[in-house]
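In: Build the 3D model from these lines:
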Amino acid sequence: MKIGFMGTPDFAVPVLEALISAGHQICCVITQPDRARNRGKKVIFSPVKTAAVEHGIDVLQPEKIKGDETVFRFLQEQNPDIIVVAAYGQIIPKSILDLPKYGCVNVHASLLPKLRGASPIQHAILQGERETGVTIMQMAEGLDTGDMIAKVRTEVGRKNGQELHDELAHLGAELLTETLPLIEAGKIAPEKQDDSMATYAGLITKGDGKIDFSRTPQEIERQIRAFDPWPGAYCGYGDGQMKIWKAECLDGERKGVPGEICGVSDEGIDILCGGGILRVEEIQLPGKKRIEVKAFLRGNFIEKGRILG
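Out: Next up is the predicted model:
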């Protein structure tokens, strides 16, 4: 098939690469504009642009795709059979959704109608979902409201955000390459979503990483896994912050206030939470690398009774 591709972050790269490997003609790639990083000193391509350039594919980077006639005319000229969208990052207007012969399909990292929105991978962990997956969806004007074409499932287990992200990206790529021939052959039976079952996964911000120790240890442990690698779960420590990268929940209760360190050993730093204890096993201080608590304690002292903010 002749395919137009829209995507931006790392999640979309395996999808693009799978389409190329399957022999599809990628006529163009549309991705977000280049952004300045490191305090504006260096302009960084999106991961999808980097992959497209490596394959010699034409790239378009509109600031806003909605209302941009240049994009619409460009796609008209390219005349793709279908447009594949994977974490593009902008709402696509109806004029473009209706343009290709087979419309636009989205590779969405959840089992729709659960977790519609921008951050389904992190929210699957945060909300304690036992399983999640990828849905191939025929795109409509609403936010992830289109008819479902195919799904693949996986257990969340104790995976962190990065691990689940990578797994879903590859599962989505495989599912898409299996589904496209069925779309072309007219052998799909799209299923409408039950809007009454819909949940939403809002955009994650840096502030979402702040730990509230009045919450249960189970909630905090999920927060730590969900926000690895970004934005990271953190708490106040002295005059700065401490990021927590790995922890486990302990049984039992001890007297004290939420955030109070109630135990320090090579096994970890035990912190009182709402209704239980969180044992922290891996941390990171500002300007330092991630380190296991056991290694950190060889050259540093953490006092029992200290309260983390």
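In: can you pull the buried residues of the strand or helix carrying residue 184?
Out: Assigned by DSSP states H and E, residue 184 falls within helix 161-185. Buried residues in helix 161-185, counting neighbours by 16 or more other Cβ atoms under 10 Å, are found at 161, 163-165, 167-173, 175-177, 179-180, 183. Glycine gets a C-beta too; all of them are placed from N, C-alpha and C.
In: Likewise for stretch 15-30?
Out: So stretch 15-30, judged by 16+ other Cβ under 10 Å, has buried residues 15, 16, 18, 19, 20, 24, 26, 27, 28, 29, 30.
In: what about stretch 119-130, start to end distance?
Out: This stretch, stretch 119-130, spans 17 Å end to end (Cα to Cα, to the nearest Å).
In: Likewise for stretch 63-83?
Out: 19 Å.
In: So which residues make contact with it?
Out: For stretch 63-83, contacts defined as Cβ atoms under 8 Å, 6 or more residues apart in numbering pick out 1-6, 27-28, 30, 33, 60, 62, 90-93, 95-96, 99-105, 180, 183-184.
In: hang on, the earlier thing: any idea which helix or strand comes after the helix holding residue 184?
Out: Next along from helix 161-185, by DSSP H and E: strand 200-201.
In: what's downstream of that following strand, the next helix or strand?
Out: helix 217-226.
In: export that following helix as PDB, just CAs?
Out: The C-alpha coordinates for helix 217-226 follow below in PDB (Å, rounded to 0.1, in the frame of the first residue of the first chain):
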ATOM      1  CA  PRO A 217       2.600   2.400  49.300                       C
ATOM      2  CA  GLN A 218       0.900   0.600  46.500                       C
ATOM      3  CA  GLU A 219      -0.100   3.800  44.800                       C
ATOM      4  CA  ILE A 220       3.400   5.300  45.200                       C
ATOM      5  CA  GLU A 221       5.100   2.200  43.900                       C
ATOM      6  CA  ARG A 222       3.000   2.300  40.800                       C
ATOM      7  CA  GLN A 223       3.800   6.000  40.400                       C
ATOM      8  CA  ILE A 224       7.500   5.200  40.500                       C
ATOM      9  CA  ARG A 225       7.200   2.600  37.800                       C
ATOM     10  CA  ALA A 226       4.800   4.600  35.600                       C
END
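In: which strands and helices sit next to that helix?
Out: helix 120-126, strand 233-237, strand 240-250, strand 276-284 (3 or more Cβ pairs under 8 Å, 6 or more residues apart in numbering; DSSP states H and E).
In: let's see it at 6 Å
Out: Applying 3 or more Cβ pairs under 6 Å, 6 or more residues apart in numbering; DSSP states H and E, one finds that helix 217-226 contacts helix 120-126, strand 240-250, strand 276-284.
In: Which stretch among these is buried most, on average?
Out: Most buried of the helices and strands packed on helix 217-226 by mean neighbour count (mean count of other Cβ atoms under 10 Å) is helix 120-126; its value is a mean of 25.
In: Perfect, that will be all.
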